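Peer 1: here is the input, now give the coordinates:
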Amino acid sequence: MANQVLIAHDDAFAANVIKENLKSLGVESDIVHDGQECCEKLESNGDEYYAVLMDFYMPEMEGLEATRCIKDLGLATYVVGITSDKAPEAIQMGYDSGMDKVLVKPISIKDLEESLLK
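Peer 2: As a prediction, the model looks like this:
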């Protein structure tokens, strides 16, 4: 049974802030630092995660490509994109890649709660 969130973010400080915010909501999480690592972790342990918080722009593999990878694996993992780009076109790119929700930075605890705790 999936009970954790996977945070895919290349900025270690930002990833740890998100992790602490999730912890304050009672949500366990793990961190990976790029899209490739995210896909590999989900391919081997996908049943552990009910959601991914996916930064749009990371090295190795960007979040948009990683989201397509997750969907191609046939996983039902809920993907929440994270971007600093407020442009409607950028947000739409997230949805077009298969993201279920897109949040624009800065992300509040309320944003996380509304996005992940249904």
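Peer 1: quick one: low-confidence ranges for the protein?
Peer 2: Scanning the chain for pLDDT under 70 picks out the ranges 1-2, 118.
Peer 1: which parts of it are strands?
Peer 2: 4-8, 28-32, 49-55, 78-83, 101-104 (DSSP state E).
Peer 1: so who does residue 19 touch?
Peer 2: 7, 29, 31 (Cβ atoms under 8 Å, 6 or more residues apart in numbering). Every C-beta, even on glycine, is put in place using the N, C-alpha and C of the backbone.
Peer 1: same check on residue 21?
Peer 2: 107, 109, 112.
Peer 1: can you tell me the closest non-neighbouring residue to residue 109?
Peer 2: Distances taken as Cβ to Cβ, 6 or more residues apart in numbering place residue 21 nearest to residue 109, at 5.0 Å, with adjacent residues excluded.
Peer 1: and the contacts of residue 21, which are buried?
Peer 2: Among those, those that count as buried by neighbour count (16 or more other Cβ atoms under 10 Å) are 107, 112.
Peer 1: just the closest of the contacts of residue 19 to residue 117, please.
Peer 2: residue 29 (12.9 Å; Cβ to Cβ).
Peer 1: burial count for that closest one?
Peer 2: Counted by other Cβ atoms under 10 Å, the residues lying close to residue 29 total 21.
Peer 1: quick one: it and residue 9 touch, right?
Peer 2: No. At 10.9 Å, residue 29 does not count as touching residue 9 under the criterion of Cβ atoms under 8 Å.
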